[in-house]
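*Asks:* Pasting the sequence and the predicted model now:
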Amino acid sequence: QVQLVESGGGLAQAGGSLRLSCAASGRTSNLLPMGWFRQAPGKEREFVAAIDWSGRSTYYADSVKGRFTISKDNAKNTVYLQMFSLKPEDTAVYYCAADSRRLRVGVYIQDYNNWGPGTQVTVSS
């Protein structure tokens with residue numbers, strides 16, 4: 001089993017930046033593909049970004065491409081989501097996810113079997 005804990009959420013102004021962190025622990029937690037998803041009030045959870053186990057391949061939703069960067073530090077068992085040029089529509093609870101089954105990076109909720117509790121990001125206009 002893999003445990004995930006997000007941190008770094010908070011309040012930012014439009015145009016500002018935040019960096020989210022996700023600390024992973026458990027068996028082979030530093031070798032897992034990982035992703036970030038978000039869920040705004042009244043909306044379904046959606047894909048934001050993903051990274052393969054090595055950190056060399058990354059994937060982004062069109063809505064965040066060019067503004068968000070996902071990265072991974074396997075030595076620290078941590079994945080990051082650097083968010084720039086934030087918009088009010090980025091307001092959501094952000095969830096970290098890891099896949100310990102297929103060990104392949106994915107962009108769908110069902111591609112991941114381990115989830116963190118989430119961290120709130122609020123962007124004011």
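*Replies:* Great, that's in hand. Since we're looking at a predicted model, the values are computed, not measured.

*Asks:* How many residues are close by the residue nearest to Gly116 when sequence neighbours are not counted?
*Replies:* In this structure, Gly116 finds its nearest non-sequential neighbour in Leu4, 3.7 Å apart by Cβ to Cβ, 6 or more residues apart in numbering. All C-beta spots, glycine's among them, are computed from the backbone N, C-alpha and C. By the criterion of other Cβ atoms under 10 Å, Leu4 has 24 neighbours.

*Asks:* Leu4 contacts Ala24, correct?
*Replies:* Yes. The criterion here is Cβ atoms under 8 Å, and Leu4 meets it with Ala24 at 5.5 Å.

*Asks:* Please give me every residue in contact with the spatially most central residue of the chain.
*Replies:* Closest to where the C-alpha atoms of the chain average out (Cα atoms, centre = their mean) is Trp36, at 2.2 Å. Residues near Trp36 by Cβ atoms under 8 Å, 6 or more residues apart in numbering: Leu20, Cys22, Val48, Ala49, Ala50, Ile70, Val79, Leu81, Tyr94, Tyr95, Cys96, Ala97.

*Asks:* repeat for Arg27
*Replies:* Gln1, Val2, Ser100.

*Asks:* One more: Ser25?
*Replies:* Here Ser25 is in contact with Val2, Gln3, Asn77 (Cβ under 8 Å, 6+ apart).

*Asks:* Quick check: strands, which of the residues you listed are part of them?
*Replies:* Per DSSP state E, strands hold the following members of these: Val2, Gln3.

*Asks:* Can you add pLDDT and give the contacts of Ser25 back as a markdown table?
*Replies:* Converted to a markdown table, these look like this (pLDDT from 0 to 100):
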| residue | pLDDT |
| --- | --- |
| Val2 | 91 |
| Gln3 | 94 |
| Asn77 | 91 |
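
*Asks:* Much appreciated, bye for now.
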